[in-house]
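>>> here is a sequence together with a model predicted from it:
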Amino acid sequence: MIYELDEIEALLDEIYAPLEKESISGMRLLRAQSCVDFKFIEKALDVVFSEDFKRIVSAYEFDNLEINNISFGTRNDYAKELIRLNSVDEFGGKWWQGQSRPKGIIVVALSDPYTYAVRCASGEIYAMLGGERAKMVCESFAKFIQIMATIDINRRKFQSCDVQEIIKFSGSNEREFWQEIIDMSYHK
């Protein structure tokens, strides 16, 4: 079963709130306390976000969020993090090949070993692994969050995940990817 967002909030609170006493934070799906300036981000990155992406990023705090070892925001301002991740850095580094970033696609999260990007207009999530072709792994940002949180919660509760259910829910045919994510999560 893939958990709904309100269930995810409660379950992640149950699992991770006690760890915050030990200064381990950023692993709960917390309601947003401030507004995200999407017009500023869209202008800075020359993109237009899907309503799904805007809805989820507006509803929750992504500033310092990590779900299932995927880091969304790490510098206390997700908007600035999105701009930083999708710009050429001070050393000339960038996640894309060639001169300019692919139109309408931005990186939204990092993990080991994957980099996650969203096709802004559709909201599809792609997983990229150094030098390989990007794989469309989920049809929406909200579903991606739900799946990754479900895997994390089930691992913590010593429950298994059904890869077929995840594939169906994700709208992706990337069985190998999802099985790898489950395996990596359960073998930490």
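Perfect, I can see it now.

>>> right, and the helix or strand after the helix-or-strand element of the chain with minimal mean pLDDT?
None of the helices or strands of the chain scores lower by mean pLDDT, DSSP states H and E than helix 78-85, at a mean of 92. Using DSSP states H and E, the next helix or strand after helix 78-85 towards the C-terminus is strand 105-110.

>>> whichever helix or strand comes after that next one: which residues count as buried?
Going down the chain from strand 105-110, the next helix or strand is strand 115-119, by DSSP H and E. By neighbour count, with 16 or more other CB atoms under 10 Å as the criterion, the buried positions of strand 115-119 are 115, 116, 117, 118, 119. (Each C-beta comes from the backbone N, C-alpha and C, glycine too.)

>>> in contact with residue 69, which residues?
111, 112, 184, 185, 188 (CB atoms under 8 Å, 6 or more residues apart in numbering).

>>> write the PyMOL selection for whichever of the residues you listed are buried.
To isolate the buried members of those in PyMOL, using 16+ other CB under 10 Å:
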select buried, resi 111+184+185
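
>>> can you redo the contacts of residue 69 as TSV with pLDDT and distance to residue 21?
Below are the contacts of residue 69 laid out as TSV (pLDDT from 0 to 100; distance: CB to CB, whole Å):
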residue	pLDDT	distance to residue 21
111	94	26
112	91	27
184	92	28
185	90	24
188	60	22
